[in-house]
Structures are given as C-alpha cells and as structure tokens.
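Enquirer: give me the fold of what follows.
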Amino acid sequence: MEHVVYVISDLHLGPGWLPDGRTDPLEDFTSDEALIHFIDHIGTRGHLVELVIAGDFLEFCQTLPEIGLASPEDSLGSTESESLRRARVILGYEPQISSGHPKVFAALRRFMMEGHSITIIAGNHDIDLLWKKVWALVFDTIYPPGAWGDLRLVNYSHTVGTGTQGRVFIEHGHEYDRANRFGDMMSRPFGVDNLGIQRLKRCWGTLFVDKVFNQLERERWFIDNVKPIMRVIQLGLRNDFIFTATAIGLVVRFLMVSGLPPLILGGIEESAATPPDLDALADSIADPALQAAVRAHLADPAARAEFERVMEEADPTQLAMVAYSELASMSLEEVTTDPDDEIVVLGGGSSEDAYRRAARAIVMADSTLATVLMGHTHTVIDGNAHPISLPDGRQCAYFNSGTWTRHLIDDGAQSYSWQEIGDENNYITLFSYIKLDPDGKGGYVPSLHSWFHEDQ
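Expert: Just a heads-up that it's a prediction; the model follows:
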C-alpha cells in the first residue's frame, strides 16, 4: 500500500540559543515548537507516512562560523572533524556552546517510533551530511533501533511513486543557481587541499556566507532572508553600506566566471592564469554601484592590497578561461534579473526561470513523471496554479516547498525596496509544505499547504 508523503525544505536549523538564553545572531530558525507540532500531527494520523526534507535541513555554515574562515582554500570548506563539531552543536550535544535543536530531533525520533520513514536530501547548506561520520551521528540521533520505517540520506534527488505515470521527482534545486551549484549533482562532494587534507567542496554562495554574510548578519539580520544572494548585494551597494574589499573582490570574481560551466577542466597552464589589471578591471564593470565600490577600495592602499589578495586567490583554471575567452563583463542587474538564470527577490510560479525550465526538462526525459518539486529559493510555488505544457501534449507541475524561516510576504506582485527589506513587518513564516496523496495507480497527487494557517 502506498503511503502519504509530506515534503518540507529549507528549515536551516543552526546553533539555536546561547547559554544566556539569547538567540544566536546567526540562527535563522526559531520555530521549533511549530515544527514539533507538525511532525507529531502528521505522525499520528492513523496511517504510515514518509517525511521528505528536500535540502537545507541543517545550517552548517552559520554554526561555529570560525570554521569557514579557517579553510586554506576558497574552493574548499570544512574537514570531516570540523563538520562533525558543527553537527554536534546543531543536534544539541554541546549546550555549553549553544543549545541547538534537540527537541526537534526528539520529535523526529518519536515519528520514526510510530513506523514512519524519513528521507533527507542534501542541500548546499548541509552538504556536510555527506561525511560518513556526520551522517552516522545524525542517524543515531533520529533513528530508534528496531524502527519499522527507513531513515535515508540521498545526495541529490528522490523519486516517489511506482506507477507508469504520476510519479514525483524531488531535489533541492541549488544546481540551477549559479552562485550555489557544485556542477556534479553532489556526486563528488569532496576535494583535497594543498596539504593533502580532504575537505568539502565549497560553492561561491557558501564562501560568501563564510567570509561576508556571517559578519554582516550581526548588524543586518535580514541579509540572508532574501533570495537570490546577488540581489541583496545589489540593493545593499546602492542603498546602504559599502562592503569590505574582501566582499567586493568576491563579487567581482563571481561576475568574472559566472558564465563559465562549473566543471573540472584541464588543458590550460596555470602560468596563464594571471590576475587582471585591477584598474582596467574596474573600468570594465558594467554595474555603476559595483564599479564605484571597486574604485573606492582601489583608491585606498590597504583596501587595494586586500582586493588584490582576493583576486589572486581565485581558481587559476577559471581565471585562465576568462583570459582565453571573450566573455563580456556581467553586471549585478543581469545576474539577478536575466530570465535565463535566476529569479528576482520573490519570483513567481509562472515565469520561465531556470528552475521551471529544469522541471520541464526532467519530466520530458521521463514519461512516468508528472511533478517536480524543489526548494532552495525560499519562494513558495503552487504547481497546480501554473501547470507546464509539454510538446507531447502532457502537462506537468513544478512546485516549490518554500521555507520554514522568515521570508518576505508575497502578494503575487509586490517588489521591495532596501528599506522595506529591513522592516520586520514585511516578513512572515508560513511553514509551507507539499502533501503527496496516492492516486491508487502508483502515482501521486500534489497539493500545497501552510501549517501556519492550519495550526491556528
């Protein structure tokens, strides 16, 4: 008998509360009781269910943030032991550091004691789960010995349904975001640094969180509550503060190589990968606010040295590819609004962005699929309201499960200014989820729900 499936994503459980009772300034998830109530509710409905957490369940890079700063290479993140330290905090094993979220994991354990199953998909913020020792710790925390259900970790995607039609494909979605993709569908999550130490790969978005956002969020609480990341940078440059030379250097580096494929490429000598002339680089930047910020930093000797250091730390292969190509400089405006790549602040279910195009391609490649479900963007999308028509006459649906953290209120049309983004009154936590009901034929019927409205 097929079971009901519930899908949530982007909870971002992090360090929790400090020993003195204050919320850790880098904690984005404060709705433990609501999540616990939801888990208990779906686990006591009288039938077996599967809970799918579709990426970014845990927030590793904002837990013990000093770890992210200690990595010797920008393209690599934490070691297994460092990720394990972070996991222990999130799970609640290090209360002298921070509380973590032990009650949530206790609720998941109760859920499994009722015979239910849990599937966790790794996202760009919790790629650390792919370390064997990290997953073993999480598994032992959640899984009650002898439980009838399954506790699974999947690297990239999960498909539910056994029929010849109506099946559902679920992934996190970060691979369609140029700032947060790894380029390998999470199949090669590890690399080796120059000392021979194995580390996680680190995408540009995580690098920027490690080196910039973790410091700025203490003053601007909202900077990682708005997606995509480049839109926040764009608005910040134009309306509020001047980023450090490190931050600006990282942005420029991203713009230089953002059009390149995220692949491991050979055949280019590293000697050809010389950093560009900084003044000429400033002249080539198309975005006025970014160009002004770069020139301001280059005029200051200390900031110029910092900027130059960041540019010299760029991946040599990518720099060489830029030197050997005729890629035009891309502005922040193009990165944040180009319909071929990313959504704007809130996005929409009917716009043909990278995620909707990916959903179309996934279903076209497999006739048994009817629904694609992603997270990552924090934008709730009801696929039933905006179906996708395929060339073969079929229709499919692209859903986004949103987030359980605070996000901007979406009335379907509104955009926000920088001042409005900083206003807490413009935020809401909907606790959105997707319910997949069996159709009796091996497929599933998806529907969008809000626990915020149901739990009143």
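Enquirer: show me where the stretch 101-250 of the chain has its helices.
Expert: 102-113, 132-142, 204-208, 214-216, 229-239, 245-257 (DSSP state H, counting those that start in this stretch).
Enquirer: just the CA coordinates of the last one, formatted as CSV?
Expert: Right, the one you point to is helix 245-257. Listed next in CSV are the C-alpha coordinates belonging to helix 245-257 (Å, rounded to 0.1, in the frame of the first residue of the first chain):
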residue,chain,number,x,y,z
ALA,A,245,37.3,45.0,-0.1
THR,A,246,37.1,41.2,0.5
ALA,A,247,33.4,41.2,-0.1
ILE,A,248,33.7,43.3,-3.3
GLY,A,249,36.5,41.2,-4.5
LEU,A,250,34.5,38.0,-4.1
VAL,A,251,31.6,39.6,-6.0
VAL,A,252,33.8,40.7,-8.9
ARG,A,253,35.3,37.2,-9.1
PHE,A,254,31.9,35.7,-9.3
LEU,A,255,30.9,38.0,-12.1
MET,A,256,34.0,37.2,-14.0
VAL,A,257,33.4,33.5,-14.0
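Enquirer: what is the subsequent helix or strand relative to it?
Expert: helix 278-284 (DSSP states H and E).
Enquirer: which of the residues in the very next helix or strand once past that following helix are buried?
Expert: Remark: after helix 278-284, the chain's next helix or strand is helix 288-298, criterion DSSP H and E. The neighbour-count check on helix 288-298 (16 or more other C-beta atoms under 10 Å) flags 289-291, 293-294, 297-298 as buried. The C-beta positions use only the backbone N, C-alpha and C, and glycine is treated the same way.
Enquirer: next one: stretch 419-429
Expert: 421, 426, 429.
Enquirer: which residues touch the last one?
Expert: Residues in contact with T429, defined by C-beta atoms under 8 Å, 6 or more residues apart in numbering, are 31, 34, 404-407, 452.
Enquirer: who wins on neighbours among these?
Expert: Neighbours here mean other C-beta atoms under 10 Å. Within the contacts of T429, the largest count is held by W404, at 29 neighbours.
Enquirer: excluding its backbone neighbours, what's nearest that one?
Expert: Computed as C-beta to C-beta, 6 or more residues apart in numbering, the closest residue to W404 that is not its neighbour in sequence is L11, at 4.7 Å.
Enquirer: surely that neighbour meets A54?
Expert: No: here L11 does not reach A54: they are 10.2 Å apart, not a contact under C-beta atoms under 8 Å.
Enquirer: of these two, who's got more company?
Expert: A54 (28 against 25).
Enquirer: from what I can see the more buried one touches V7, true?
Expert: Yes: between A54 and V7 there is a contact under C-beta under 8 Å: 5.6 Å.
Enquirer: any common contacting residues for those two?
Expert: With C-beta under 8 Å, 6+ apart as the test, A54 and V7 both reach 170, 373, 401.
Enquirer: after the lowest-mean-pLDDT helix or strand in the chain, which helix or strand is next?
Expert: When the helices and strands of the chain are scored by mean pLDDT, DSSP states H and E, helix 332-337 comes last with a mean of 50. Sequence-wise, the next helix or strand downstream of helix 332-337 (DSSP H and E) is helix 354-365.
Enquirer: which helices and strands does the following helix or strand past that next one pack with?
Expert: Next helix or strand after helix 354-365 toward the C-terminus (DSSP H and E): strand 369-374. Judged by 3 or more C-beta pairs under 8 Å, 6 or more residues apart in numbering; DSSP states H and E, strand 369-374 is in contact with strand 167-171, helix 354-365, strand 395-401, strand 444-450.
Enquirer: what's in contact with strand 369-374?
Expert: So strand 369-374 is in contact with 7, 9, 54, 159, 165-173, 355, 358-359, 362-363, 383, 394, 396-401, 434, 443-444, 446, going by C-beta under 8 Å, 6+ apart.
Enquirer: any idea how far it is from the chain center?
Expert: Here the centre of strand 369-374 is set off from its chain's centre by 19 Å, with C-alpha atoms, centre = their mean, to the nearest Å.
Enquirer: list the neighbouring strands of it plus their orientation.
Expert: strand 167-171 (parallel), strand 395-401 (parallel) (DSSP bridges).
Enquirer: closest one to N214 among these?
Expert: Of all those, it is strand 395-401 that lies closest to N214, at 25.5 Å by C-beta to C-beta.
Enquirer: okay, now the unreliable bits of this structure?
Expert: Counting by pLDDT under 70, the chain shows low-confidence ranges at 1, 241-242, 257-276, 315-351, 411-414, 456.
Enquirer: output stretch 383-391 as PDB, nothing but the C-alphas.
Expert: Only the C-alpha atoms of stretch 383-391 are listed here, as PDB (Å, rounded to 0.1, in the frame of the first residue of the first chain):
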ATOM      1  CA  GLY A 383       2.400  24.000  -9.300                       C
ATOM      2  CA  ASN A 384      -1.300  23.300  -9.700                       C
ATOM      3  CA  ALA A 385      -1.900  27.000 -10.300                       C
ATOM      4  CA  HIS A 386       0.700  27.300 -13.100                       C
ATOM      5  CA  PRO A 387       0.900  24.000 -15.000                       C
ATOM      6  CA  ILE A 388       3.600  23.400 -17.600                       C
ATOM      7  CA  SER A 389       2.600  22.300 -21.100                       C
ATOM      8  CA  LEU A 390       4.900  19.800 -22.800                       C
ATOM      9  CA  PRO A 391       5.400  19.300 -26.600                       C
END
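Enquirer: going forward, count from 29.
Expert: OK, 29 is where the count begins now, so the last one is stretch 411-419.
Enquirer: list the buried residues for it?
Expert: Quick answer for stretch 411-419 (16+ other C-beta under 10 Å): 411, 416.
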